[in-house]
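Visitor: here is a sequence with its predicted model. Questions after.
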Amino acid sequence: MADERDWEFVKAQLPSGWRELAVERGLIHPQPPQLHTKVTDIEQVLRPLLYRIGLESSLQVAVSTATAARSQVAVGDGEDAAKSAKLVELSAPALHYWERKLAGYLAELVARMLDPEGLRSAERWHGYEVVVVDGTTETCPGADGTTARVVYAMRLSDLTMLGCHATDKHGTESMRIFDVHPGQLWMGDRFYANPYDVAWVVDARAHVLVRYKFNALPLYDAEGASFDVMEHVRQLKKPGQMAEWPACVHPKKHAPIRGRLCAVRLPEEEAEKVRHRLREEDPKVSAQSLEAAAWLILFTTAPAERLTTAEVLALYRVRWQMELEIRRNKSIGGMDKLPNFREDTIATWLYGKLLIQQIARRIPSPAVAFPPSAVRIAFLPASGPGPREAPRPHRARRLRDVARDGPRLPSHPRRPASGTAARSAQPRRPFP
């Protein structure tokens, strides 16, 4: 049956030990046959759950489809075949119960699907592996404000996702939730312009490139005196004129970090667009922010012999690729279609989406073998079309990501603490 082959293909893409992981986490407890326990294998839950998340169907549709699939297999091939197919009859509340507690398990599956050898195999930008970090918010229908937040780390050279974290509405965007490797150049917008993120990256023997944010990233000169950013950038009066100045960051309980402040004067029409956006976001925007909109101001720790001022400014403009990837992830991948207001269910939903997209990205890879039949997203064999037809597969989804934590994991970074403020600061709160 072609649909069975589809599910076999999905299972083949899961990381090794995915069944054992459920036992290790206490999700599945081996029981003797005489107890007639309904769920004895995580596959019995994972199959309808991924069906529900992938098709964005209701709980009732997912369990009804699974029940119909089991009946079809039992009638056609016998009861033993239905048991071998790991199809069980679950109620909608039972599937929701599983959905509430599987976020950490799915997060670990996505993490294990990352190829660690790929971290250093991409093309470099003047010897750097450029990693762009950015985040997006998700909102349930009818919700007032943000419901959840997803933060991504993407390798710029091939648009491969290196990291992905889902947090609740209280989570913040930070580089400190990711593993940083020597030789990388981490690039982010104003949200990441703070001494702690800079220290986190530099302590990993990597470099950082962020858009400067007043008050959040105080700068100092070589003698330790305060560095007046506006006094320096006002020297750039003509559009396109650029310059750089040496500047230092002084994280608390950390040695000063040397870097460069790079700036370019923007055309007046672009500056006006920025000011218009600032006024829309905050009617009480400061006069300093409106004046600073005339320049693109960046801070980087990359040395000038590796990246010139013009190259730093040009490189930052390429980060819009990350924003396109996030929009594609939400529009095609359905990341913004949250199921309800429960934070545990939302976490499972987000990591389930990431897992499905990780599997979908492997489909066009020549290193992955799959059966000659068409691979469809509807991998539950039903006797007929259900309330919602399966959509055509989106094979060109360019997403490669990894989730590092779950509801029960600590929110602090995993690198051993060194007593610096960069280690002690808590950048976010994971789903409870």
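Guide: Looks like it arrived, so ask away.
Visitor: walk me through the domains of the chain.
Guide: 2-110+336-394, 117-328 (automatic domain parsing).
Visitor: in JSON lines, list the ones you listed along with mean pLDDT.
Guide: Shown next, in JSON lines, are the domains of the chain (pLDDT from 0 to 100):
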{"stretch": "domain 2-110+336-394", "mean pLDDT": "75"}
{"stretch": "domain 117-328", "mean pLDDT": "87"}
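Visitor: got a markdown table for the ones you listed, with mean neighbour count too?
Guide: Just so you know, the C-beta spots here come from the backbone N, C-alpha and C atoms, and that holds for glycine as well. Shown next, in a markdown table, are the domains of the chain (neighbours: other CB atoms under 10 Å):
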| stretch | mean neighbour count |
| --- | --- |
| domain 2-110+336-394 | 18 |
| domain 117-328 | 18 |
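Visitor: you'd agree M230 is up against E291?
Guide: Yes: judged on CB atoms under 8 Å, M230 makes contact with E291 at a distance of 7.1 Å.
Visitor: distance of H170 relative to D197?
Guide: Applying CB to CB, to the nearest Å, the value for H170 to D197 is 18 Å.
Visitor: same check on Q358?
Guide: 26 Å.
Visitor: go on, V39?
Guide: Taking CB to CB, one finds V39 at 43 Å from D197.
Visitor: same deal with Q60?
Guide: Counting by CB to CB, the gap from Q60 to D197 is 44 Å.
Visitor: with G127 instead?
Guide: 22 Å.
Visitor: check A69 too.
Guide: Distance from A69 to D197, by CB to CB: 48 Å.
Visitor: can you check F227 too?
Guide: From F227 to D197 the distance is 18 Å (CB to CB).
Visitor: do R317 as well
Guide: Counting by CB to CB - R317 and D197 are separated by 21 Å.
Visitor: run through the helices of the stretch 251-400 of the chain in chain order.
Guide: Using DSSP state H, counting those that start in this stretch, the helices found in the stretch 251-400 of the chain span residues 268-281, 287-292, 309-317, 320-331, 343-362.
Visitor: quick one, which of those helices gets closest to P256.
Guide: helix 309-317 (20.5 Å; CB to CB).
Visitor: ok, R205 - contacts?
Guide: For R205, the contact set (CB atoms under 8 Å, 6 or more residues apart in numbering) comprises P182, G183.
Visitor: what of the one 4 residues further on?
Guide: Contact partners of L209, counting by CB under 8 Å, 6+ apart, are L185, W186, M187, G188, L298, F299, T300, T301, A302, V312, L315, Y316.
Visitor: surely it forms part of a strand?
Guide: Yes: counting by DSSP: H, G, I helix; E, B strand; the rest coil, one finds L209 located in a strand.
Visitor: figure out how far stretch 285-299 is from the centre of its chain.
Guide: Relative to its chain's centre, stretch 285-299 lies at 29 Å (CA atoms, centre = their mean, to the nearest Å).
Visitor: what sits up against that stretch?
Guide: Contacts of stretch 285-299 (CB under 8 Å, 6+ apart): 193, 198, 208-212, 214, 217, 219, 229-230, 233, 236, 247, 249, 259-266, 268, 271, 274-275, 278-279, 312-313, 316.
Visitor: what's the end-to-end length of that stretch?
Guide: Distance across stretch 285-299, first residue to last, is 22 Å (CA to CA, to the nearest Å).
Visitor: same check, this time on stretch 27-47
Guide: 15 Å.
Visitor: chain center to that stretch, what's the gap?
Guide: Worked out by CA atoms, centre = their mean, stretch 27-47 lies 31 Å from the chain centre.
Visitor: put the alpha carbons of stretch 212-219 into PDB.
Guide: This file holds the C-alpha atoms of stretch 212-219, laid out as PDB (Å, rounded to 0.1, in the frame of the first residue of the first chain):
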ATOM      1  CA  TYR A 212      23.900  49.300  17.000                       C
ATOM      2  CA  LYS A 213      21.200  50.100  19.500                       C
ATOM      3  CA  PHE A 214      21.500  53.200  21.700                       C
ATOM      4  CA  ASN A 215      21.500  52.600  25.500                       C
ATOM      5  CA  ALA A 216      21.500  48.800  25.100                       C
ATOM      6  CA  LEU A 217      25.200  48.700  23.900                       C
ATOM      7  CA  PRO A 218      27.300  51.300  25.600                       C
ATOM      8  CA  LEU A 219      30.700  51.800  23.800                       C
END
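Visitor: what's it in contact with?
Guide: By CB under 8 Å, 6+ apart, stretch 212-219 touches 190, 193-195, 198, 210, 226-227, 229, 247-250, 261, 288-289, 292, 297-299.
Visitor: how does it look with 6 Å?
Guide: Contact partners of stretch 212-219, identified using CB atoms under 6 Å, 6 or more residues apart in numbering, comprise R190, A193, N194, F227, A247, I297, F299.
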